[in-house]
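1. no sequence on this one, just coordinates:
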């Protein structure tokens with residue numbers, strides 16, 4: 001029997017720590033390693049909706065493991081040796097009603 005297993009990605013969590021003299025936000029960055037994240041293709045609807053709602057093209061869908069409490073909205077992520085950015089809201093299911101190890105998903109776009 002084959003067991004589904006995700007990859008390790010790095011979530012770059014940014015928290016605002018103040019403002020510069022011009023009023024721009026200054027951020028602290030923290031790199032968080034997250035194990036067992038599934039990376040898949042977004043559906044055609046996901047791509048269309050991300051373009052319509054956010055003006056950004058979804059390239060991948062990330063499935064986030066149950067129990068993860070990190071903030072995934074509009075964050076930078078690293079996987080496959082590249083930098084990406086999450087788009088939009090996180091979709092979350094009821095943990096105990098989902099049979100596998102993942103209950104959240106988020107779309108990502110290429111980030112350069």
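-> That came through, no problem. Bear in mind that the values here come from a model prediction, so they are computed numbers and not experimental data. Numbering: from 1, shown residues only.
2. packing partners for the lowest-mean-pLDDT helix or strand in the chain?
-> The weakest-scoring helix or strand in the chain, judged by mean pLDDT, DSSP states H and E, is helix 44-54 (a mean of 90). Counting contacts by 3 or more CB pairs under 8 Å, 6 or more residues apart in numbering; DSSP states H and E, helix 44-54 is packed against strand 82-92, strand 102-110. C-beta coordinates here come from the backbone N, C-alpha and C atoms, glycine included.
3. helix or strand right after it?
-> Of the helices and strands lying after helix 44-54 in sequence (DSSP states H and E), the nearest is strand 60-65.
4. and the next helix or strand past that following strand?
-> Next element after strand 60-65 (DSSP H and E): strand 76-79.
5. how far off centre is that following strand?
-> Relative to its parent chain, strand 76-79 has a centroid offset of 8 Å by CA atoms, centre = their mean, to the nearest Å.
6. pull up the pairing partners for it, direction included.
-> Note on strand 76-79: by DSSP bridges, its sheet partners are strand 7-19 (antiparallel), strand 82-92 (antiparallel).
7. quick check: the gap between the closest residue in space to residue 36 that isn't next to it in sequence and residue 67.
-> Spatial nearest neighbour of residue 36, excluding adjacent residues (CB to CB, 6 or more residues apart in numbering): residue 6 at 4.1 Å. According to CB to CB, to the nearest Å, residue 6 stands 13 Å off from residue 67.
8. of those two, which one has the most company?
-> Neighbours per residue (other CB atoms under 10 Å) separate residue 6 from residue 67, with residue 6 holding more: 19 against 8.
9. now the spatially most distant residue from the centre of the chain: phi and psi?
-> If you look at how far each residue of the chain sits from its centre, by CA atoms, centre = their mean, the farthest one is residue 21, at 31.3 Å. Backbone torsions for residue 21, taken as degrees, to the nearest 10, come to phi -60, psi -20.
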